[in-house]
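Colleague: Here you go, sequence then predicted model.
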Amino acid sequence: MGVFRLKDYVFHRDLTKTYPIITHGKGVYLYEEDGKRYLDGCSGAVAANLGHGDKRIAEAMALQAEKAAFVHTMRFETAVLHKLAEKIGKLSPKALNKVYFTCGGSEANESAIKLSRQYFRNRGEPEKQVVIGRWQSYHGNTIGSLSAGGDIKRRQPYNGYLLPFQHVAAPHCLHCPFNRKESDCERKQNWSCVQELERMILEIGPSQVSAFIAEPFTGSQAGAMPPPKSYFREVRALCDQYDVLLIVDEVMTGFGRTGAHFAIEHYDVEPDIITFGKGVSGGYSPLGGMIVHDKIIDSIMQFGDGKFVHGYTYSGHPVTVAAGLAAMDIYERDEILANVKDLEGCLSSGLYRLKNKYPIVYDIRGKGLFFGMELASDVEGTPFSPKLRISERLNEKAMELGAVFYPGMGSIDGYAGDHLIIAPPLIITKDEIDELIRLLDNALYALADSLKEGI
């Protein structure tokens with residue numbers, strides 16, 4: 001075996017790849033060293049909601065860094081921390097009023113899992129500790145969040161380390177694991193995926209289960225897959241019946257992405273904990289957190305001496321929180337939510353035109369400026385072999401042409417099923433959406449052509 005010599009000092013995400021070097025960005029565009037421009041069709045990792053190069057956020061961060069770059073929240077707090085918490089709290093469902101900050105979504109979900117455990121310990125029920133998640137979900141890469149998530153490919157290398165959490169099927173009606181039709185479930189108000197959750201709670205024992213965690217729209221693992229309209233109402237009822245906390249993971253969908261402050265608003269359900277990240281700072285600085293129901297706070301005050309036994313060095317970091325506060329001001333001042341609602345139809349109609357044009361586009365789903373495109377080998381939805389890397393190849397074609405999207409695999413069973421997330425910055429214009437659709441059209445044409453030639 002020969003010696004593999006690296007050309008630089010970076011431990012790359014994929015050591016076999018050479019990555020373009022981005023020198024700067026402006027609006028919905030990123031620019032490479034040689035001047036090549038990419039339309040950011042996925043907001044990085046559905047994080048750069050406010051686009052690139054916004055000096056208002058950069059200046060707010062710099063100003064805070066001049067005042068106080070870091071304080072440890074075990075000893076001190078800052079004005080920006082209180083201001084951002086208030087803004088987020090006022091956007092949240094009425095009984096969720098306390099905001100705990102982390103450095104991102106993984107830490108946010110890890111915190112929610114630990115808070116659920118402490119909530120029941122404080123109540124004198126330490127045996128309630130099992131978290132139930134869903135297959136084909138993603139909640140982060142810390143051990144706790146990875147244990148709760150259902151991404152098979154990410155879990156397998158670390159199976160020996162993972163916690164004994166349990167998983168049920170997600171409500172992916174397009175590929176229902178129970179071989180049922182959504183219309184039949186809706187008509188009978190008899191959802192197999194909800195019934196499976198109840199069976200799981202009863203099998204483990206309600207006295208053992210602390211929380212159920214779910215994304216309102218399944219993101220990276222299923223390509224912006226929405227649930228049936230009544231799904232979360234049924235889940236909320238089960239959680240109430242068996243005294244299980246409902247954690248809704250809004251890391252990808254929060255702060256206007258689906259046309260609401262939080263995607264769970266579309267389903268008229270109040271969770272016990274909402275986790276967030278990504279869009280809260282517009283991607284300008286690592287920031288996340290959780291929004292917590294009053295009943296949990298009351299329990300900590302009554303039974304836990306007012307202390308959450310948890311924390312991170314950079315929780316509530318002033319410079320990062322300043323980025324979030326500036327982003328919140330921009331969301332409001334620039335009427336970002338209105339822009340999402342105005343342009344949803346433009347993006348949706350463009351994507352459906354591509355579906356009608358290319359047989360390999362099997363499904364389009366989503367809401368706001370958060371859409372998924374599922375790719376299949378025929379009109380019946382038969383998935384491509386994972387070995388073909390279809391979604392990755394489509395994104396590679398797009399990057400050659402000057403656009404970047406968010407490819408994914410495993411939307412059907414964790415292994416098979418290719419999809420592409422289309423989620424541009426929320427500041428995008430109609431003309432830029434037209435350009436996005438044109439570039440994606442050209443990438444699909446190039447991919448389809450290569451498939452015809454058996455490449």
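Modeller: Great, that's in hand. Only a predicted model underlies this, so the values are computations on that prediction, with no experimental measurement involved.

Colleague: Okay, now the unreliable bits of the chain?
Modeller: Applying pLDDT under 70 to the chain flags residues 1-6, 455.

Colleague: the helices in the stretch 1-150 of the chain, which residues?
Modeller: Per DSSP state H, counting those that start in this stretch, the stretch 1-150 of the chain carries helices over the ranges 43-46, 55-67, 79-91, 105-122, 143-148.

Colleague: want to try JSON lines for those helices, with mean neighbour count and distance to residue 233 as columns?
Modeller: (Each C-beta comes from the backbone N, C-alpha and C, glycine too.) JSON lines is the format used below for the helices of the stretch 1-150 of the chain (neighbours: other CB atoms under 10 Å; distance: least, CB to CB, whole Å):
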{"stretch": "helix 43-46", "mean neighbour count": "22", "distance to residue 233": "26"}
{"stretch": "helix 55-67", "mean neighbour count": "15", "distance to residue 233": "37"}
{"stretch": "helix 79-91", "mean neighbour count": "19", "distance to residue 233": "21"}
{"stretch": "helix 105-122", "mean neighbour count": "25", "distance to residue 233": "21"}
{"stretch": "helix 143-148", "mean neighbour count": "24", "distance to residue 233": "22"}
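
Colleague: Looking at these, which is nearest to residue 351?
Modeller: Residue 351 lies closest, by CB to CB, to one member of the helices of the stretch 1-150 of the chain: helix 43-46, at 16.0 Å.

Colleague: Other residues contacting the closest one?
Modeller: Here helix 43-46 makes contact (CB atoms under 8 Å, 6 or more residues apart in numbering) with 49, 219, 252, 257, 278-279, 283, 370, 406, 421, 423-426.

Colleague: Could you list the alpha-carbon positions for that helix in PDB?
Modeller: Below are the C-alpha coordinates for helix 43-46, written out as PDB (Å, rounded to 0.1, in the frame of the first residue of the first chain):
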ATOM      1  CA  SER A  43     -28.500  28.300   1.400                       C
ATOM      2  CA  GLY A  44     -25.400  26.300   2.200                       C
ATOM      3  CA  ALA A  45     -27.000  23.600   4.300                       C
ATOM      4  CA  VAL A  46     -30.300  25.400   4.500                       C
END
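
Colleague: excluding its backbone neighbours, what's nearest residue 317?
Modeller: residue 70 (6.4 Å; CB to CB, 6 or more residues apart in numbering).

Colleague: Does that neighbour touch residue 318 like I think?
Modeller: Yes - if you go by CB atoms under 8 Å, residue 70 and residue 318 touch, sitting 6.6 Å apart.

Colleague: about what we covered before: just put the helices of the stretch 1-150 of the chain in TSV and tack on distance to residue 183.
Modeller: Output for the helices of the stretch 1-150 of the chain, formatted as TSV (distance: least, CB to CB, whole Å):
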stretch	distance to residue 183
helix 43-46	30
helix 55-67	45
helix 79-91	34
helix 105-122	33
helix 143-148	31
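
Colleague: right, and those helices - which one's nearest residue 452?
Modeller: Closest approach to residue 452 among those (CB to CB): helix 43-46, 31.9 Å.

Colleague: Show me how far that closest one is from its chain's centre.
Modeller: Its chain's average C-alpha position is 10 Å from that of helix 43-46, according to CA atoms, centre = their mean, to the nearest Å.

Colleague: Then stretch 331-339?
Modeller: Centroid separation for stretch 331-339 versus its chain: 21 Å, with CA atoms, centre = their mean.

Colleague: residues making contact with the helix or strand containing residue 184?
Modeller: For residue 184, the host element (DSSP states H and E) is helix 182-188. The contact list for helix 182-188 (CB under 8 Å, 6+ apart) reads 173, 176, 191, 192, 228, 229, 230.

Colleague: can you pick the most crowded of the residues you listed?
Modeller: Of all the contacts of helix 182-188, residue 191 has the most neighbours under the rule other CB atoms under 10 Å, reaching 22 neighbours.
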